[in-house]
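[1] Generate a structure from the sequence data that follows.
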Amino acid sequence: SVLLGHFVGPVQGDYNEVCKIYTVGIAGSEIKVSLRPHSTCTYCCNLISPHRRIALHLHRKNHETIKIDMKRKRGRLKAYGINSNITTMLYIHGFTEYAIGVSARGVCDAYLSRDEDYNVLSLDWSSLAVFPWYSAAANNTRIVGRVLAKFLKFYDASGELPLENVHVVGFSLGSHVAGFASRILNGRMGRITALDPAFPEFPLDDKSQIITKEDAGYVDVIHTDSGGYGIPISIGHSDFYPNGGRFMQPGCTASQLAEEGNILSIGSRAVMAVFLQYYAAIFTRGGSTRNL
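    Residues are numbered from 1 along each chain as shown. Next up, the predicted model:
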């Protein structure tokens, strides 16, 4: 199916061409697109050395962004200016997105606008979350989680990034990346905020396959697409359902989007855009999601 991106046969053409990843602008946002899925399926583009397909971006108040690969070497994070004594906010994007895309920049900029100091990072796994291959991306959350866990475990041991100071904010599939990583780390992450954790391909009757409150010291979940593309049940220490958690949130009706020229955003991407703006606004105003 195109909706879930199940691959039913090989795309004909030069391998390097069909495996290229493109950034496409749609209705004011960008998505990552590829003619073939990038995962472990028979016809997928080769997934060799997945840690080379993943990177961190360090965001600074002067709007500078520094790309950091997933190599593990003592002293690297300190050399980049990451302060081990303050909270590190790590944003993990969802399906079709990337680490310096619209949603990531909105959340990261909101943290940087606060009076408190944060280490602000975003994880880029965009080459493993390309449109329209949702099922491949869902499968890749486990792979990305393992790579992230190894990275965090090393720098926790080096004292450069203590796990108890790490607050991961994950959107959609990114929520499950956070959950899988923290589970490998025995739930030692300080906090995970799951923004609409993805529902398709994640069975609710198997807690090992979804993020739960056992995955970090504190897990808060915000549901704005409950039962659609988002998990419909409470799974954290605290679960919030703005406007009842329903799919068609205020500002996301077809008529409103058409009037604003954003008709292509109708559906989950519209909910995502409004939701992430709302989440970012909380921090820009100096609030806290614990007080929602």
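[2] Give the buried residues for stretch 190-210.
    For stretch 190-210, burial by neighbour count (16 or more other CB atoms under 10 Å) applies to 190-199, 201-202, 209-210. C-beta coordinates here come from the backbone N, C-alpha and C atoms, glycine included.
[3] Quick one: distance of it to the chain centre.
    Relative to its parent chain, stretch 190-210 has a centroid offset of 12 Å by CA atoms, centre = their mean, to the nearest Å.
[4] what's the answer for stretch 109-120, then?
    In terms of CA atoms, centre = their mean, the centre of stretch 109-120 is set 18 Å apart from its chain centre.
[5] again, but for stretch 228-248
    Centroid displacement of stretch 228-248 relative to its chain, using CA atoms, centre = their mean, is 17 Å.
[6] quick one: the strands in the protein?
    Assigned by DSSP state E, the chain shows strands spanning 21-26, 29-34, 55-59, 65-69, 88-92, 119-124, 166-171, 191-195, 218-222, 238-240.
[7] pLDDT value on I48, please?
    Predicted confidence (pLDDT) for I48: 85.
[8] That one: neighbouring residues, count only.
    If you count neighbours by other CB atoms under 10 Å, I48 ends up with 7.
[9] H38 versus that one, what's the distance?
    The gap separating I48 from H38 is 11 Å, by CB to CB, to the nearest Å.
[10] Would you mind checking the average pLDDT for stretch 203-218?
    Averaging pLDDT along stretch 203-218 gives 94.
[11] ok, back up a step: would you list the strands of the chain in JSON lines and tack on distance to Y98?
    Output for the strands of the chain, formatted as JSON lines (distance: least, CB to CB, whole Å):
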{"stretch": "strand 21-26", "distance to Y98": "8"}
{"stretch": "strand 29-34", "distance to Y98": "6"}
{"stretch": "strand 55-59", "distance to Y98": "9"}
{"stretch": "strand 65-69", "distance to Y98": "12"}
{"stretch": "strand 88-92", "distance to Y98": "11"}
{"stretch": "strand 119-124", "distance to Y98": "6"}
{"stretch": "strand 166-171", "distance to Y98": "12"}
{"stretch": "strand 191-195", "distance to Y98": "16"}
{"stretch": "strand 218-222", "distance to Y98": "22"}
{"stretch": "strand 238-240", "distance to Y98": "27"}
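[12] So for A99, which of those sits nearest?
    Taking CB to CB, strand 119-124 is the member of those nearest to A99, at 3.3 Å.
[13] low-confidence ranges in the chain?
    Residue ranges of the chain with pLDDT under 70: 1-15, 27-29, 246-292.
[14] Let me know the distance separating the nearest residue to P242 once chain neighbours are set aside from P232.
    Among residues not flanking P242 along the chain, T224 sits closest, at 5.7 Å (CB to CB, 6 or more residues apart in numbering). Between T224 and P232 the distance is 12 Å, computed by CB to CB.
[15] P203 too?
    According to CB to CB, P203 and P232 sit 13 Å apart.
[16] just S226 next, same as before
    The gap separating S226 from P232 is 5 Å, by CB to CB.
[17] Now do the shared contacts for those two.
    Taking CB atoms under 8 Å, 6 or more residues apart in numbering as the contact criterion, the common neighbours of S226 and P232 are G245.
[18] Between the two, which has more neighbouring residues?
    Using other CB under 10 Å, the more surrounded residue of S226 and P232 is S226, with 19 against 14.
[19] which stretches of this protein form helices?
    15-18, 76-79, 102-112, 134-157, 173-184, 254-259, 268-284 (DSSP state H).
[20] pretty sure I235 contacts V221?
    Yes: between I235 and V221 a contact is recorded at 5.9 Å, counting by CB atoms under 8 Å.
[21] What about S135, how many residues nearby?
    Using other CB under 10 Å, S135 has 19 neighbouring residues.
[22] how far away is it from I31?
    According to CB to CB, S135 and I31 sit 17 Å apart.
[23] cool, and I82?
    Distance check for I82 against I31: by CB to CB, it reads 30 Å.
[24] got a list of what S182 touches?
    By CB under 8 Å, 6+ apart, the contact list for S182 reads 149, 168, 188-189, 192, 215-216.
[25] Buried members of the residues you listed into ChimeraX, please.
    Restricted to buried positions by 16+ other CB under 10 Å, the ChimeraX selection for the contacts of S182 reads:
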select :149,168,188,189,192,215,216
